[in-house]
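Undergrad: give me a 3D structure for the following:
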Amino acid sequence: MTAHSNTAAKRNWFILSSLVSKDFKLKYRRSFLGIAWSVLNPLLMMCVLTAVFSTFFKFDIEHYPFYLILGNTLFALMSDSTSTAMNSIIDSAALIKKIRINKIIFPIEKVLFQLVNFAISLIAVAIVMLFLQITPTANLLFLPLLLLYVTVFSMGLGLLLSALAVFFRDIIHLWSVVITAWTYATPLFYPVNILPEWMMGFEAINPMYHYVTYFRDIALWGTTPGLMENIVCLAMAAGTFAVGLLVFKRTQNKFILYV
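TA: Modelled structure (predicted):
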């Protein structure tokens, strides 16, 4: 690595960490609960969904509240990451027009910020685990690997969406519809065995189904993820990131004309 590239990398990391810190402070500024809200929010959502759906599924799914919170928190990581990354270039228009800056920093930063929030929400996951007396196993050591998959996948989607949103603002409205449909199409609050056969074909190509199942395997069922499942998760993450990065790189020089 040359001295110039090393300096550029340090500068990009400084900007990235500063933006994450700024977003963190802005999120919890003037908030009475502060960081505790990132713990209470998934707990409250779990309680509401458990009250609504437990009548239907409590006999089919052991430790249903834990099943719920695992799926919801991981899906929220992807959903919040991609939604905020999508708007990152447009929201940073004033800065992009004023100074020369590596534009890829903005969507990447949004995903990393949501990863920090997810780390805090894991406290809620641990609380539910203790309450239900679920014994953690060594399979939880796979969690950093899972988070790598989901983060890379979210970055790829975020890069793609942020680039497209600059030229087609309708993407912003369309994505909220896609996320809603994706939420119901992924077994977050219902067991996968109630799905018809044709839907199971969709789940096979649904990255979030694989990631949520992976999370439940290591945290709830105490199952060690197989090599094939890791290959599938990695391939989906790497493929999405490659596409997102390619589109972003090819369009970023035109951003300043449309933001």
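Undergrad: going forward, measure contacts and count neighbours with C-alpha atoms only.
TA: Noted.
Undergrad: okay, helices next: where are they in this structure?
TA: Taking DSSP state H as the test, the helices found in the chain are 3-28, 36-57, 64-86, 88-91, 93-98, 105-131, 143-167, 170-185, 197-204, 207-216, 227-251, 255-258.
Undergrad: buried ones in the longest one?
TA: Right, the one you point to is helix 105-131. Of the residues in helix 105-131, 105-115, 117-125, 128-129 count as buried by neighbour count, 16 or more other Cα atoms under 10 Å.
Undergrad: now the helices of the chain in CSV, with distance to T137?
TA: Rendered in CSV, the data for the helices of the chain read as follows (distance: least, Cα to Cα, whole Å):
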stretch, distance to T137
helix 3-28, 32
helix 36-57, 22
helix 64-86, 15
helix 88-91, 38
helix 93-98, 47
helix 105-131, 12
helix 143-167, 11
helix 170-185, 28
helix 197-204, 27
helix 207-216, 12
helix 227-251, 19
helix 255-258, 48
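Undergrad: can you redo these as TSV with mean pLDDT?
TA: Conversion of those to TSV gives the following (pLDDT from 0 to 100):
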stretch	mean pLDDT
helix 3-28	75
helix 36-57	74
helix 64-86	95
helix 88-91	94
helix 93-98	87
helix 105-131	93
helix 143-167	98
helix 170-185	95
helix 197-204	88
helix 207-216	97
helix 227-251	97
helix 255-258	88
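Undergrad: which of the ones you listed sits closest to P191?
TA: Between P191 and these, the shortest separation by Cα to Cα is 7.4 Å, and it involves helix 36-57.
Undergrad: report all helices and strands that that closest one contacts.
TA: In terms of contacts (3 or more Cα pairs under 8 Å, 6 or more residues apart in numbering; DSSP states H and E), helix 36-57 is packed against helix 64-86, helix 105-131.
Undergrad: in JSON lines, list the ones you listed along with distance to E203.
TA: Supplementary listing: the helices and strands packed on helix 36-57 in JSON lines, determined by distance: least, Cα to Cα, whole Å:
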{"stretch": "helix 64-86", "distance to E203": "14"}
{"stretch": "helix 105-131", "distance to E203": "24"}
